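Fold the stuff below for me.
(4 chains)
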Protein chains: 2
Amino acid sequence: MGHMTTESKAAKSALPASPPLTERQEARRRRILHTSARLASRGGFDAVQMREVAESSGVALGTLYRYFPSKVHLLVATMQDQLQHMHETLRKRPPSEEDPGARVAQTLMRAFRALQREPHLADAMVRALTFADRSVSPEVDTVSRLTTAIILDAMGLDGPPTPEQLSAVRVIEHTWHSALITWLSGRASIAQVKIDIETVCRLIDVTAPGTAGPSR
Amino acid sequence: MGHMTTESKAAKSALPASPPLTERQEARRRRILHTSARLASRGGFDAVQMREVAESSGVALGTLYRYFPSKVHLLVATMQDQLQHMHETLRKRPPSEEDPGARVAQTLMRAFRALQREPHLADAMVRALTFADRSVSPEVDTVSRLTTAIILDAMGLDGPPTPEQLSAVRVIEHTWHSALITWLSGRASIAQVKIDIETVCRLIDVTAPGTAGPSR
DNA sequence: CGGTAATCTAGAACAAGTTTCAGAACTGAT
DNA sequence: ATCAGTTCTGAAACTTGTTCTAGATTACCG
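Model prediction:
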């Protein structure tokens, strides 16, 4: 593995709020993201090789780097893309449970089973996400907001969440990412992940307004 | 970094099926780990360059790779080393709180402040840990067991932990790692990490035996 | 349409992780 | 002390992420 620059020196902030892309450019971007997901599905993080992504997308290497300043940027963007699909899919079938905690657990396990179908892709995306350094913060933040939105959606709250609930959601996100990693690296079974998710989701019910807090 | 005095074999059972190392070999290994930590402290993950580690440890590159089959292996081993120190240090000053949850939160925040003193080193170790693939599973597992031991120690239980408590500890570990990453990549403040840690530690009290569970 | 600036292409070049190999140095057993 | 087997060294080679450059294309503007 070559060079995984932690600190990208000349960060050419191309993406956020930049000039609108032309038709051809949008198509190129799509092609690249599609290729990225395809290669990742085949062999995970290592199988996404920048030269191959470029060639297979019909784009020069330099152009690929203009669109996505690093491999990690590319994979995080791929994750954004996939998460948006998942958000829509999940939204179509809201969870059947009653309690917010159980609803979140059910939704996350659905998401988990979806990822299970493409474990290599999941591997590439999650590894990129946790390996990302400061130069990718905005993109990682977007992924985080998407994940938060999925969880809040699943909770099915009436009003806005309380600060305590937001804390619980953050912790759930932490657990979600980390549990995913332990599963992907073969150190935890699916059953174990399920237990962890269900355990952490109890925090939702514990922090629900109107419910007596824990005994402290 | 004075390395350990005499310690029981139990602590360093990292390499299960390897032949015992000679004196010179043990010294080489320690030199390498020391160099790794030194370079990491200076510039994080990227500053730990295998050629430089080898040269600065007075060892050939091929030898470095014989001892640690990849950069990630090296950094995870470095983390094992540092965690052992931290475990001993923390054990010397047990937390002052009463409730197990609060004790764990206090201990983890102490550990966190220790890491804050060498943020680059923390960055290198944690990034390696979460980037590790299957080939590093045994070593990552050792780190996980060490972390679990630290948390269980902090809880100060009388008897053995219940399965529910073990689940809570797993979730706390997830949160710990993930919160660390968000802090290291500049996406969360120290205050935010503190809140997350304290939030997840409520799970400990919630799952304490003899306490009524949440209202579900 | 002509001109100009931005974008894209092809390919070389560079950086750092990893592998390989021939020979020197060390180890343990006879 | 000698021999066989392992370990270590030094150096080159290979891989893949990343950068750079010169020229071709394209997009936009008057």
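
Would you mind pulling up the elements that the helix or strand harbouring A:Arg38 packs against?
Per DSSP states H and E: A:Arg38 is located in helix A:23-47. The contact analysis (3 or more C-beta pairs under 8 Å, 6 or more residues apart in numbering or on different chains; DSSP states H and E) places helix A:23-47 against helix A:50-57, helix A:61-67, helix A:71-92, helix A:119-131. (Each C-beta comes from the backbone N, C-alpha and C, glycine too.)

Of those helices, which stretch is the most buried?
helix A:119-131 (a mean of 23; mean count of other C-beta atoms under 10 Å in any protein chain shown).

now the residue lying closest to A:Ala122 once chain neighbours are set aside: how far from A:Ala40?
Closest residue in space to A:Ala122, ignoring its immediate chain neighbours: A:Leu115 at 4.1 Å, by C-beta to C-beta, 6 or more residues apart in numbering or on different chains. Using C-beta to C-beta, to the nearest Å, one gets 12 Å for the distance from A:Leu115 to A:Ala40.

ok, back up a step: between the helices and strands packed on helix A:23-47, which one is nearest to B:Thr148?
For those, the distance to B:Thr148 is smallest for helix A:119-131, at 20.1 Å, taking C-beta to C-beta.

Touching the following helix or strand past that closest one from outside, list them.
For helix A:119-131, the following helix or strand on the C-terminal side (DSSP H and E) is helix A:137-155. Where contact means C-beta atoms under 8 Å, 6 or more residues apart in numbering or on different chains, the residues beyond helix A:137-155 that reach it are A:15-16, A:73, A:76-77, A:79-80, A:83-84, A:86-87, A:90-91, A:94-95, A:100, A:103-104, A:106-108, A:111, A:129, A:132, A:161, A:165, A:169-170, A:172-173, A:176, A:204, B:185-187.

Now do helix A:137-155, average pLDDT.
When the per-residue pLDDT values of helix A:137-155 are averaged, the result is 96.

same check, this time on stretch A:85-103
Across stretch A:85-103, the per-residue pLDDT values average to 94.

Sketch out the low-pLDDT regions of chain A for me.
When residues are selected by pLDDT under 70, those of chain A lie in A:1-19, A:208-216.

which ones are touching the closest residue to A:Val59 other than its chain neighbours?
Closest residue in space to A:Val59, ignoring its immediate chain neighbours: A:Arg28 at 5.9 Å, by C-beta to C-beta, 6+ apart. Listed by C-beta under 8 Å, 6+ apart, the contact set of A:Arg28 reads A:Ser57, A:Val59, A:Thr63, A:Tyr67.

Walk me through the domains of chain A.
Under the assignment automatic domain parsing, the domains of chain A span A:23-71, A:72-206.

and A:Arg110, how many residues sit next to it?
When neighbours are defined as other C-beta atoms under 10 Å in any protein chain shown, A:Arg110 has 16 of them.

Could you list every helix and strand that whichever strand or helix holds it packs against?
Taking DSSP H and E as the definition, A:Arg110 sits inside helix A:100-116. Judged by 3+ C-beta pairs under 8 Å, 6+ apart, helix A:100-116 is in contact with helix A:71-92, helix A:119-131, helix A:137-155, helix A:163-184, helix A:190-206.

Check which helices and strands the fourth one sits against.
Here helix A:163-184 touches helix A:100-116, helix A:119-131, helix A:137-155, helix A:190-206, helix B:163-184, helix B:190-206, going by 3+ C-beta pairs under 8 Å, 6+ apart.

how does it look with 7 Å?
With contacts defined as 3 or more C-beta pairs under 7 Å, 6 or more residues apart in numbering or on different chains; DSSP states H and E, helix A:163-184 has these neighbours: helix A:119-131, helix A:137-155, helix A:190-206, helix B:163-184, helix B:190-206.

at contact distance from DNA strand C, anything in the helix holding A:Arg38?
Yes. Under the criterion of C-beta under 7 Å from any atom of the strand, DNA strand C is reached by helix A:23-47 at A:Arg24, A:Gln25, A:Arg28.

burial measure for the second one, as a count.
Translated: A:Gln25. A:Gln25 has 14 neighbours, counted by other C-beta under 10 Å.

List the buried residues in the helix holding A:Arg38.
Within helix A:23-47, the residues that count as buried by 16 or more other C-beta atoms under 10 Å in any protein chain shown are A:28-29, A:32-33, A:35-37, A:39-41, A:44-45, A:47.
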